[in-house]
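Asks: Predicted model and sequence follow; I will ask about them next.
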Amino acid sequence: MMILGERVTALSPYVWPLTLVAVVLTWTAFNVDKKKKKKRQNNKAAATAGSRRSDTDVIIVGAGVAGSALAYALAKDGRRVHVIERDLREPERLMGEGMQPGGRLMLAKLGLHDCLEGIESQTTIGMVLYKDGKCVTADFPADDKFPHEPYARSLRNGRFVQRLRHKAASLPNVNLEEGTVKSLVEEGGVVKGVKYKSKVTGQETSAFAPLTVVCDGAYSNLRRSIHNSKEELHSHIVGFTTKNCRLEDPERFNMVMTKPNVTLIYQLSDNEVRCYVEVPRESVANGEITTFLKTTLAPQLPPKLRDIFSKGLDDAPKILKTATKSMTTPQYNDYKGVVVLGDAFNMRHPIIASGMMVALSDTLILRDLLRSSDNLSDAKKLSQVVKSFYEHRKPMSATVNTLADAFRQVLRASDDEAREAMRQGFFDYISRGGICTSGVMAIFGGMNPRPISLLLHLFAVTLSCIARFLSPFPTPRGIWLSLRLFWLALGMLGPNLKKEGVWHMLSPTAAAAYRKRYMTATATAVAF
């Protein structure tokens, strides 16, 4: 026993080093084995994918504006495209009824400009803004740097979507199918396709392609399996149509700064006027929409618009309702084999009617980036394309997202004196004419996708309001309200700088590169 004890005592200085060596060797062996297993799984997945013969290059989930436009654009480039849409009937939507000048340019560059014709879409050259009995006219500016006619279109979304679908389906390498996609198919960490239920056969089946594009709208059931972006619910939009009616000035949409939220009235088709109102969530919950519209909003409208508004309500119209949501784009994640587009990817408050413009801009960018990829099966190269897509889209999307959020807050009535001063300040600013009016309208119409230009205009509005508080000389109350107003402005911009990225918001080079690449004149773009 003494001999054994002496041996243990002699070995004791080496116990900890030996234990550490044993742990390191065990950890190394475990990880080597794990990597071998992963490699075998990837090889097996690759072999399985290789053994599957797919006649499709790209699967597109959803045939709305983004899905249909992308299907046509990729098919024109020779890609074989399989589009799966839940319902191919003409959709009835309240959103997506405005195509801004920037959106028309993107549509032309995709070769889809003719889809705006034959659907009674209305030319819109600007807006009339009303507040407290006063009004100001603000038109889209004629900008030599913008290679398209400076006007928008108002339209019925369903008719426009159907034109896009027919245009895409007219190409022989587009398979447009009605079905419900249940889930993505993953193998070895790469999306290989989708599982869906065909409406024709009633059977569940799978479709495979090197690239899957998810653009199934605001209520996407695939979004959460790809990224963790959270939707933010603000209020509700309700709308109805006044039939057999035409506005006195049908080429301008009317924005009335009613209380508590803004009201829009515009010519929707040759003989229909859309009345579009943002209402508190409580009105929707309590089922008091019609009463709210008649007793609270109608009396605030200018007489010539009030008659049209009231006529529509008296005709017992079908009132459409939808939630106003915003959702920022996620930070780039290396989720291979799949891209998300449209409202499934990025939403903003609909007050500036720019959702379709951003979706078409994203479609154009993705189309151009994919042109450099001969082999979509190369997951690594495809990931680089997706990463570039996140970067290239920022000037347009960041400008529009920030503008929508700022408009949402500025146009909302409030009992807070500082907030109301900001609201009045915006009306006064856009009433000045010159660069104040044209600059805001150029940003509003997607003609100037420069986030830093938007920031400068927002700060100009803020400083003009502060000057009013401090005039003719500073007082303690004026200084206090000025500080509160400046804090409100920072509260509007700060979250967007964080969400969109400080570099993307403040870098002039990114915006310049976007304009040079996507907003220059081409033979297609000027073919009105």
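Replies: Thanks, I have it.
Asks: Have a look at this protein and report its longest strand.
Replies: Longest among the strand segments of the chain by residue count, using DSSP state E, is strand 174-187.
Asks: how big is the angle separating the helix or strand just after that strand from strand 174-187?
Replies: Sequence-wise, the next helix or strand downstream of strand 174-187 (DSSP states H and E) is strand 190-198. With axes from the mean of the first three to the mean of the last three C-alpha atoms, to 10 degrees as the basis, strand 190-198 and strand 174-187 are set at 130 degrees to each other.
Asks: Now do the closest residue to residue 192 other than its chain neighbours, the pLDDT please.
Replies: Leaving out its chain neighbours, the residue that sits closest to residue 192 by C-beta to C-beta, 6 or more residues apart in numbering is residue 185, at 5.0 Å. Quick note: C-beta positions are derived from backbone N, CA and C, even for glycine. On the pLDDT scale, residue 185 is placed at 95.
Asks: buried set for stretch 318-334?
Replies: 319-320, 324-330 (16 or more other C-beta atoms under 10 Å).
Asks: Quick check: pLDDT value at the closest residue in space to residue 183 that isn't next to it in sequence.
Replies: Nearest non-adjacent residue to residue 183, counting by C-beta to C-beta, 6+ apart: residue 195, 5.0 Å away. Looking at residue 195, its pLDDT is 96.
Asks: ok, residue 195 - contacts?
Replies: Residues in contact with residue 195, defined by C-beta atoms under 8 Å, 6 or more residues apart in numbering, are 181-185, 204-206.
Asks: how much space between it and residue 255?
Replies: 45 Å (C-beta to C-beta, to the nearest Å).
Asks: Over stretch 401-421, what's the mean pLDDT, rounded is fine.
Replies: 93.
Asks: Quick one: distance of it to the chain centre.
Replies: 21 Å (C-alpha atoms, centre = their mean, to the nearest Å).
Asks: got it, and stretch 152-171?
Replies: 18 Å.
Asks: Just the pLDDT at residue 504, thanks.
Replies: On the pLDDT scale, residue 504 gets 82.
Asks: wait, what's in contact with it?
Replies: 394-395, 398, 451, 510.
Asks: Counting neighbours, what do you get for the residue nearest to residue 192?
Replies: Around residue 185 there are 17 other residues, counting by other C-beta atoms under 10 Å.
Asks: who's it bridged to?
Replies: As for beta bridges, residue 185 partners with residue 193 under DSSP bridges.
Asks: surely it meets residue 206?
Replies: Yes: using C-beta atoms under 8 Å, residue 185 and residue 206 qualify as a contacting pair, with a distance of 5.9 Å.
Asks: joint contacts of those two?
Replies: 193-195.
Asks: which stretches of this protein have low pLDDT?
Replies: 1-54, 282-287, 331-334, 522-528 (pLDDT under 70).
Asks: Contact partners for residue 461?
Replies: By C-beta under 8 Å, 6+ apart, the neighbours of residue 461 are 410, 422, 425-426, 429.
Asks: Next: residue 305.
Replies: Residue 305 touches 254, 256, 265, counting by C-beta under 8 Å, 6+ apart.
Asks: Of the residues you listed - the most surrounded one?
Replies: Of those, with other C-beta under 10 Å as the count, residue 265 tops at 26 neighbours.
Asks: give me phi/psi at it?
Replies: Residue 265 adopts backbone torsions of phi -140, psi 120, taken as degrees, to the nearest 10.
Asks: Which residue comes closest to it once chain neighbours are left out?
Replies: In space, residue 265 is closest to residue 254, 4.5 Å off (C-beta to C-beta, 6+ apart).
Asks: Strand partners (parallel or antiparallel) of the strand or helix carrying the one you found?
Replies: Following DSSP H and E, one finds residue 254 within strand 252-256. Strand pairing for strand 252-256, determined by DSSP bridges: strand 126-131 (parallel), strand 263-269 (antiparallel).
Asks: which stretch among those comes nearest residue 156?
Replies: strand 263-269 (6.3 Å; C-beta to C-beta).
Asks: Which stretches in the stretch 201-350 of the chain count as helices?
Replies: Counting by DSSP state H, counting those that start in this stretch, the stretch 201-350 of the chain has helices at residues 281-285, 289-292, 303-314.
Asks: Any chance of CSV for the ones you listed, columns distance to residue 58?
Replies: Putting the helices of the stretch 201-350 of the chain into CSV (distance: least, C-beta to C-beta, whole Å) gives the following:
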stretch, distance to residue 58
helix 281-285, 39
helix 289-292, 42
helix 303-314, 43
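Asks: quick one, which of these is nearest to residue 481?
Replies: helix 281-285 (29.3 Å).
Asks: Show me the chain divided up by domain.
Replies: The chain breaks down into these domains under automatic domain parsing: 2-51, 58-118+155-228+338-392, 232-325, 400-518.
Asks: And residue 388, how far from residue 513?
Replies: Residue 388 is 12 Å from residue 513, by C-beta to C-beta.
Asks: circling back to that earlier point, just put the domains of the chain in a markdown table and tack on distance to residue 147.
Replies: Listed next are the domains of the chain as a markdown table, based on distance: least, C-beta to C-beta, whole Å:
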| stretch | distance to residue 147 |
| --- | --- |
| domain 2-51 | 43 |
| domain 58-118+155-228+338-392 | 7 |
| domain 232-325 | 22 |
| domain 400-518 | 10 |
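Asks: right, so these: which one is the most enclosed?
Replies: domain 58-118+155-228+338-392 (a mean of 21; mean count of other C-beta atoms under 10 Å).
Asks: how far out from the middle of the chain is it?
Replies: 13 Å.
Asks: ends of it, how far apart?
Replies: 21 Å (C-alpha to C-alpha, to the nearest Å).
Asks: In contact with the residue lying closest to residue 458 once chain neighbours are set aside: list those residues for me.
Replies: Spatially, and ignoring its direct neighbours in sequence, residue 458 is nearest to residue 406 (6.0 Å; C-beta to C-beta, 6+ apart). With contact set as C-beta under 8 Å, 6+ apart, residue 406 has these partners: 454, 458, 492-493, 496.
Asks: ditto for residue 247
Replies: Residue 247 neighbours (C-beta under 8 Å, 6+ apart): 254, 265-267, 273, 308.
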